[in-house]
Each structure stands twice: as C-alpha cells, then as structure tokens.
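Student: Below are the sequence and a predicted model; questions follow.
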Amino acid sequence: MAKYRNAHGGNLRASDIGNEVHLAGWIARRRDHGGVVFLDLRDASGHVQVVLNPDDAPASEEVMRRLRNEFCIMVKGVVRPRLEGTVNPDMPTGEVEVGGTSLEVLSTADTLPFQVDERFDADEGRRLQYRYLDLRRDRMADNLRSRSTAIRAMRHVLDDLDFLEVETPTLVVSTPEGARDMLVPSRLRPGQFYALPQSPQLFKQLLMVAGVERYYQVARCYRDEDFRSDRQVEFTQLDLEGSFWDQDDVLDTLQAIVTRVVKDVRGIDIPHPIPRMTYADAIARYGTDKPDVRFGMEIVDLGEVFASSEFRAFAATLADGGTVRGINAGDQGLSRAGFDKLVAQAQDLGAKGLVWMVVEEDGSLRSPVAKFLSEAELSGIAATMDGKPGDALLIVADEVAKAAAVLGELRLSLGRPDNHDDLEFLFVVDFPVFERTAEGGFVAAHHPFTAPLDVAEMRNSPETAVSRSYDMVLNGAELGSGSVRIHDPELQSQVFEILGVSADEAQARFGWFLEALRYGTPPHAGFAIGVDRFVSILQNEQNIREVMPFPKTQTGADPLTGAPGVVADTQLEELGIDVRAEVRAAWSDTTSDS
Ligand code: ASP
C-alpha cells in the first residue's frame, strides 16, 4: 500500500461516497467552527473539504488545534455527502467532503510572506522571490499544467508525423540573428566566449544537410534584449524544420500543431483553414504585421476622396507621396476632451496630427475641420468609411508607413478585446527580405538565411523584394516566424553582401555554415513557435511571466536565487577576466536590484 495516500483529494466525487481515503496535501484554508475544524485541502489535483471533528478523531485533537495554512499534512477519513445547503457547485469536489478520522502533520510552515490564495494580490517581486509558494496558487498551478498539456500536444502531432526530436548545443558561437547574444566565458580558452543560442537556427539547418528530414525540439533560447513586458532573456520555442519542404508544408504542419494544442488546452476546435494574409495587406488594412483580426475597424484609404482637395493639410501630404487614411472607430461615446486625448495619443505615436469627425443623426459630419472640406469630400468620407450615426471617424494624413502605424495603434487601443476568450489565428506571408537601417544599410527582416521569392528581384530592388518567410499570429500577437531557407551557398553569400557583410567577414564568421551548404543541401524550410506567448494567450494571461515556472524580472534578475550574481575573484582569474574598478564599485548598488 502506498505510504502517503490512496487517492487525490481534487478527484473525489459523489461516486466515491463511502470510500475510506488517505489524502496528503497542503492546508489552503482552515476554519474552526466551535471545535470542528474545516480544512480546504489542496494537492496537485485540486481541492477538497476535510472536516475534523474531535469526536471522530480524538487522537488527533491536539494536532488539529495547531494546524495553520500551508502545513503539509496527511489525513485519513471517509468520503461522505456534504450536508444539505453546504454543497458548493463551483467546486468539482463540491458535493462531497472527507470526514477525518486521523491526521498527521508531515511538515509545518513558517509565517507566510504572502497569502497563498487567489483572492489576495501579492507584489510581483515577492511572488518571484517565493515562486515555490506562488506556484501553489490555483491559477499558477493551472498555468503550469496547461503549459505541459500544450507541449505534450505539440510532441504528439510531431511524433505522429515522424519528426525526430534532436537536441542542439546551448554553448555555441555567436551568430547573426538580430538580437544581442548572451555570452559565456571559456575557462579553457581564457578571453574567448561562447554564445547562448538565440535559436537553434543554424544547427537545425545542419541537421537538414545531415539527412534528418524532419526535426523538432522544445528549445531554450536566449536573447540579451532590453526587456519589454512580453519578453524574457530566456524563453522556449517549439523549433522545427523539414527537408524537401516548401511554405505550404510548414503552414499545414503548424495548423495541425496549434489545432491539437487548442483542443487539448481549451477543448475547442479552431476553424480551418487558418486564413492567410500578405504582409502588404496586413500593413494596409491593420497598420501592423501582426493584425488582431478579432475585430474590424480596418484602415481605409481616403486618397481618392481627397484627390483634388483644397484642404491644405491633406493636399500637401498627398502631393508629397503621403497618404490620407482613417478608421471608423464606431460609437466611442467620446467628449471633446476624449478626442483631444486621442489627438495627443496620435502625436505621441509620431503623427503630425489627427482629424476626428462624428457622424450626426442626419448623416452629416461634425468636426473641427468640417468647414474646410467640400460637401463632396464630407459625403465621400462618410461613404468610404461606412459612417453610421454616432460613429467616430479618425483620419491621419502622413507618410504611408507612419499613417499605417499610428492608425494601427489607435485601432488596437480603441477596439482590442482585453481577454483572449476568442482565438483568431492568422498566417502573415510574403514579408520583405530586408529592412532599411537608420544608417541607410539593410538588415534581414527575418534572418539572413531566409530565401527571397525571386532572386533577380532581390538583387535589383532589395528595398522592396519579397521573401519566402511567414509569421503565425494569434489575437494580434506574433506566435512565431519561419521561412523557406537559402540552400544555395552562392545565394547565401549574396545575401550577406547586401547586408554589408564582406566575403572575408562572412567566411571568418560563418565559413563553417557556408561550407556545409556545399555538400548537397536539400531545399528546406521551418518555423519556431514561441511557447511562452502561446500558452499565455491560451491561459488568458497578459504576461508571459505568468506561464513561465521561474521567470526573471523586467531587469533580468531572479529575486529567488539572486541571479545574476557576483563570482569569486578566483573564478574571474581562471577566466582571464578583470572587472573594472568602477564596475565593481557599482555592484553594491545593483545586486539588491530586482
Ligand atoms: N530561428 C527563427 C527564430 O527564432 C525561426 C525560424 O526561422 O525557424 O525566429
């Protein structure tokens, strides 16, 4: 017989009534009702009510009085129906309770740093410092469970499709994937550094050269980025790659994966096929490459309406090659002050200004600029933007990219649902190959190993060339990216050239990879799904930290273990590293920072 228990409390149901059970777990709550103690006992399966009556368990009476929240205990007892009127329909175990006959404290708990209870908010720094207590909360336990369910579902699909799970190294050489590398000093080669992988990109491509035709890995990746609310230095990707594969093969596989994950975590079927939208379309209609298509409020081009406008602000913008676009934000019930705030918001986003209009009951437009516009223009706006009485129409005249970005942001702040009850997947395809840098050069829009759609186009007009890369978007969040890869070493060298990496430099840094491409590389393509973000959306969490077991703070620190930390001088000596005096002096200020 098992030493500690023969049942899980959270699994008990009316069908268990009459059974003698041995349970073990933690005291989530205790109430003393005139000598009878009611416990809410929590284990990994959930909660159950345990009633300790000294009459039933005289030997345990003294122990009963000492119980406190979060003590770890073992209880024996009998499952029985709850008294009428005390049934709790909100609890899976709400019809039953366990009448305790004996009780043993397995370990006591110190005074808790915060209440381990959903109903009480705790400061996030404390939660991370005592993450092992925070993870006892139902919400967090559920997040961990769903994360495991999601990863299991991914593995199921890929195993069924004969993918091989292959691990790739985490101590690697620095590669050009766009972010800053996390570095690890080498003791055996003092002064030299490994990088932690930003992703297994080049290794998975080597696996294709190696003849592994279907690869996947639940891979830990590292990027030394400045923190935004949805980024962590260390994160998890479902990384995959296939040979003799093209874009459709990848997208079909992704559809199968996310369908299974959503089914297993949420219990629902997502509609097929997942829609596709080009990058150009996404920018034009939503002002972003990751449109949230759960709601409309699409961006409308008003260029034709103002083609021969005498309204200076619009006419001049159009003459300069700019654009006039708008969104119908619906009835926002905004006052004059509310509109002023939107104007300020648009300016903060970089717009020169924002024109607002409200559709009146009679269909006419009320706006501070109405008097500068012709009748034809006013009715053209109302018709193009499908204005109904009460609707707020917001118009931006600016450079094309600026107008799109500003309206895209306004659209999100005015229309975006604040929960993820509905799930809308989307594939965005045909991204550009390159983006312009502020210095006038190019960077790879995805990464430098991405194939262009048309090689001649890439050479002749790199600025506008389209690549064979694609993103998966869920509710306006980028779930991941991938591409068809370059499998021709000459083409790979040309891409480096356009990126301003000289042949010598490319040889010095990635010669090993360029050489591998010379030995019969199969055409291949792949993708990586951000596991943390995917699970956070499925769990309706705003921040990926909530679905990571032991995340870091916004400043990259771990308040639980104190990482990153200072190391002994002897360790530094072995590594051949000197820490400058002014940096040492600053240590005392930053080590307590969280
Ligand atoms: N390695 C890429 C990334 O991390 C994904 C891919 O292209 O497969 O974004």
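Tutor: Sure thing, it's come through.
Student: switch to C-alpha atoms for all contacts and neighbour counts from now on
Tutor: Noted.
Student: Contact residues of the stretch 151-300 of the chain facing the ligand?
Tutor: 199, 201 (Cα under 6 Å from any ligand atom).
Student: got any ranges where the stretch 151-300 of the chain has weak pLDDT?
Tutor: Along the stretch 151-300 of the chain, the parts satisfying pLDDT under 70 run over 176-178, 227-229.
Student: hey, where'd the strands end up in it?
Tutor: Using DSSP state E, counting those that start in this stretch, the strands of the stretch 151-300 of the chain run over residues 164-165, 183-185, 193-195, 214-222, 234-243, 276-278, 299-301.
Student: just the stretch 401-550 of the chain next, same as before
Tutor: 425-429, 434-436, 442-444, 469-474, 477-484, 524-530.
Student: Would you format those strands as JSON lines with distance to the ligand, mean neighbour count and mean pLDDT included?
Tutor: Converted to JSON lines, those look like this (distance: least, Cα to the nearest ligand atom, whole Å; neighbours: other Cα atoms under 10 Å; pLDDT from 0 to 100):
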{"stretch": "strand 425-429", "distance to the ligand": "13", "mean neighbour count": "25", "mean pLDDT": "98"}
{"stretch": "strand 434-436", "distance to the ligand": "15", "mean neighbour count": "19", "mean pLDDT": "91"}
{"stretch": "strand 442-444", "distance to the ligand": "12", "mean neighbour count": "20", "mean pLDDT": "90"}
{"stretch": "strand 469-474", "distance to the ligand": "8", "mean neighbour count": "26", "mean pLDDT": "98"}
{"stretch": "strand 477-484", "distance to the ligand": "4", "mean neighbour count": "23", "mean pLDDT": "97"}
{"stretch": "strand 524-530", "distance to the ligand": "4", "mean neighbour count": "26", "mean pLDDT": "98"}
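Student: so which of those gets nearest residue 47?
Tutor: When the strands of the stretch 401-550 of the chain are compared by Cα to Cα, strand 524-530 sits nearest residue 47, at 31.8 Å.
Student: Show residues contacting the closest one.
Tutor: 205, 208, 235-247, 250, 479-487 (Cα atoms under 8 Å, 6 or more residues apart in numbering).
Student: Which neighbours in the sheet does that strand have, and how are they oriented?
Tutor: strand 234-243 (antiparallel), strand 477-484 (antiparallel) (DSSP bridges).
Student: could you dump stretch 537-555 to CSV, C-alpha only?
Tutor: Output of stretch 537-555 as CSV, limited to C-alpha atoms (Å, rounded to 0.1, in the frame of the first residue of the first chain):
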residue,chain,number,x,y,z
ILE,A,537,-2.8,33.6,-24.6
LEU,A,538,-4.5,30.3,-24.2
GLN,A,539,-4.5,30.9,-20.4
ASN,A,540,-5.8,34.4,-20.8
GLU,A,541,-2.7,35.8,-19.1
GLN,A,542,-1.4,39.3,-20.1
ASN,A,543,2.2,38.5,-19.4
ILE,A,544,4.4,35.5,-20.4
ARG,A,545,5.9,35.6,-16.9
GLU,A,546,2.7,34.1,-15.6
VAL,A,547,3.2,30.9,-17.6
MET,A,548,7.0,30.5,-17.0
PRO,A,549,7.9,28.5,-13.9
PHE,A,550,10.8,30.7,-12.8
PRO,A,551,10.9,33.9,-14.9
LYS,A,552,13.2,36.9,-14.5
THR,A,553,12.1,40.4,-13.6
GLN,A,554,12.0,43.3,-16.0
THR,A,555,15.6,43.9,-15.3
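Student: Pull out the buried residues from that stretch.
Tutor: Neighbour-count burial for stretch 537-555, counted by 16 or more other Cα atoms under 10 Å, picks out 537-542, 544-554.
Student: biggest helix in this structure, by residue count?
Tutor: helix 138-160 (DSSP state H).
Student: quick one: that one to chain centroid distance?
Tutor: Here the centre of helix 138-160 is set off from its chain's centre by 15 Å, with Cα atoms, centre = their mean, to the nearest Å.
Student: Kindly report the same for stretch 405-415.
Tutor: Worked out by Cα atoms, centre = their mean, stretch 405-415 lies 20 Å from the chain centre.
Student: Counting neighbours, which bits of the longest helix of the chain end up buried?
Tutor: Applying 16+ other Cα under 10 Å to helix 138-160 flags 138-144, 146-147, 149-151, 153-158 as buried.
Student: Quick check: residues of the stretch 401-550 of the chain near the ligand?
Tutor: So the stretch 401-550 of the chain meets the ligand at 481, 482, 483, 526, 527, 528 (Cα under 6 Å from any ligand atom).
Student: Just flag the most distant two among the residues you listed.
Tutor: Pairwise over those, using Cα to Cα, the maximum falls at 483 and 528, 9.7 Å.
Student: which one is the residue positioned nearest the centre of the chain nearest to, not counting chain neighbours?
Tutor: For the chain, residue 533 is the residue whose C-alpha lies nearest the centre (Cα atoms, centre = their mean; 2.0 Å). Closest residue to residue 533 apart from its sequence neighbours, by Cα to Cα, 6 or more residues apart in numbering: residue 544 at 5.6 Å.
Student: Surely that neighbour is in contact with residue 230?
Tutor: Yes. Using Cα atoms under 8 Å, residue 544 makes contact with residue 230 at a distance of 5.8 Å.
Student: where does residue 133 fall, helix, sheet strand or coil?
Tutor: Taken by DSSP: H, G, I helix; E, B strand; the rest coil, the conformation at residue 133 corresponds to helix.
Student: And for it, the neighbour number?
Tutor: For residue 133, the count of nearby residues is 19 (other Cα atoms under 10 Å).
Student: likewise residue 187?
Tutor: Neighbours of residue 187 (other Cα under 10 Å): 16.
Student: So what sits opposite residue 23 in the bridge?
Tutor: residue 75.
Student: For residue 40, which residues are in contact?
Tutor: 27, 28, 29, 30, 47, 48, 49, 50.
Student: so which of those is the most crowded?
Tutor: residue 48 (27 neighbours).
Student: could you point out which element follows the helix or strand hosting it?
Tutor: In this structure, residue 48 sits in strand 46-52 according to DSSP states H and E. Toward the C-terminal end, the helix or strand that comes next after strand 46-52 (DSSP H and E) is helix 61-66.
Student: pretty sure residue 60 is touching residue 53, no?
Tutor: No. Under the criterion of Cα under 8 Å, residue 60 makes no contact with residue 53, lying 9.2 Å away.
Student: Tell me, how many residues neighbour the residue of the stretch 201-350 of the chain found nearest the ligand?
Tutor: Nearest residue of the stretch 201-350 of the chain to the ligand (Cα to the nearest ligand atom) works out as residue 201 at 4.5 Å. By the criterion of other Cα under 10 Å, residue 201 has 21 neighbours.
Student: one step back: from the contacts of residue 40, which are also near the ligand?
Tutor: Counting by Cα under 6 Å from any ligand atom, no member of these is near the ligand.
Student: Which of these sits closest to residue 113?
Tutor: Looking across the contacts of residue 40 and measuring by Cα to Cα, the closest to residue 113 is residue 28, at 14.6 Å.
Student: quick one: contacts for that closest one?
Tutor: So residue 28 contacts 39, 40, 41, 42, 69, 70, 116, 117 (Cα under 8 Å, 6+ apart).
Student: And for residue 425?
Tutor: By Cα under 8 Å, 6+ apart, the residues touching residue 425 are 274, 275, 472, 473, 474, 475.
Student: one more time with 6 Å
Tutor: Applying Cα atoms under 6 Å, 6 or more residues apart in numbering, we find residue 425 in contact with 473, 474.
Student: Just list whatever residues bridge to residue 427.
Tutor: With DSSP bridges as the rule, residue 427 is bridged to residue 276, residue 472.
Student: That one contacts residue 276, doesn't it?
Tutor: Yes. The criterion here is Cα atoms under 6 Å, and residue 427 meets it with residue 276 at 4.6 Å.
Student: Can you give me the neighbour number for residue 278?
Tutor: So residue 278, with other Cα under 10 Å, has 15 neighbours.
Student: before we move on, back to that, nearest to the ligand among the contacts of residue 40?
Tutor: Nearest to the ligand among these, with distances taken as Cα to the nearest ligand atom, is residue 47, at 39.7 Å.
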